[in-house]
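In: let's see this in three dimensions:
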Amino acid sequence: MGGWIVLAVLLTLTLTWAYFTAQRLNRLHIRTDSARQNLHASLDRRASLVEALVPEAAPQARELLAADYSALDRRALAETTMEEALAGLETLPAQVVDASARVELARRFYNDAVTDTRALRTRPAIRMLRLGGTAPLPVYFELARSLEG
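Out: The predicted model follows:
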């Protein structure tokens, strides 16, 4: 009789842990999605400013604004191309430098959210119980080099 009680308590504790862990993982996925949206908005804002204020890099900015980047790695490659064009210039308008700083902050926040999500998603118990559901494992957004102001 006592064995059944211990088993019931252990099962209850395990299910409670799984429930709260799944909730935490869901909040992390929401945080990652929000950070990705903010990153895309910052990148689009900077591309718009570059197109309007920096004629030398306008073609790369137009390409960024016109394309549909569903994969972050393709967007990072295109952003790197534009940053290389901007790095070749002597001076940049203050608005573009400010937008680039905001992109760097958004990238850091996004990568921080990805780190937290991946840290929880890659734990063996989480993977075994499939608490991550069908959501894809988030990927980092890295630029080849950062634009220094």
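In: send over the helix or strand in which Glu84 is found as PDB, restricted to the C-alpha atoms.
Out: Following DSSP states H and E, one finds Glu84 within helix 72-87. Extracted in PDB, the C-alpha atoms of helix 72-87 (Å, rounded to 0.1, in the frame of the first residue of the first chain):
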ATOM      1  CA  LEU A  72      17.700  34.200 -41.000                       C
ATOM      2  CA  ASP A  73      20.900  32.900 -42.500                       C
ATOM      3  CA  ARG A  74      20.100  34.400 -45.900                       C
ATOM      4  CA  ARG A  75      19.100  37.700 -44.300                       C
ATOM      5  CA  ALA A  76      22.400  37.700 -42.400                       C
ATOM      6  CA  LEU A  77      24.300  37.200 -45.600                       C
ATOM      7  CA  ALA A  78      22.500  40.100 -47.300                       C
ATOM      8  CA  GLU A  79      23.000  42.300 -44.200                       C
ATOM      9  CA  THR A  80      26.700  41.500 -44.300                       C
ATOM     10  CA  THR A  81      26.900  42.600 -47.900                       C
ATOM     11  CA  MET A  82      25.300  45.900 -47.000                       C
ATOM     12  CA  GLU A  83      27.500  46.400 -43.900                       C
ATOM     13  CA  GLU A  84      30.600  45.900 -46.100                       C
ATOM     14  CA  ALA A  85      29.300  48.600 -48.500                       C
ATOM     15  CA  LEU A  86      28.800  50.900 -45.500                       C
ATOM     16  CA  ALA A  87      32.200  50.100 -44.000                       C
END
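In: for that helix, the averaged confidence score.
Out: Mean pLDDT, helix 72-87: 85.
In: which strands and helices sit next to that helix?
Out: Where contact means 3 or more C-beta pairs under 8 Å, 6 or more residues apart in numbering; DSSP states H and E, helix 72-87 is packed against helix 2-53, helix 58-66. For glycine as for every other residue, the C-beta is placed from the backbone atoms N, C-alpha and C.
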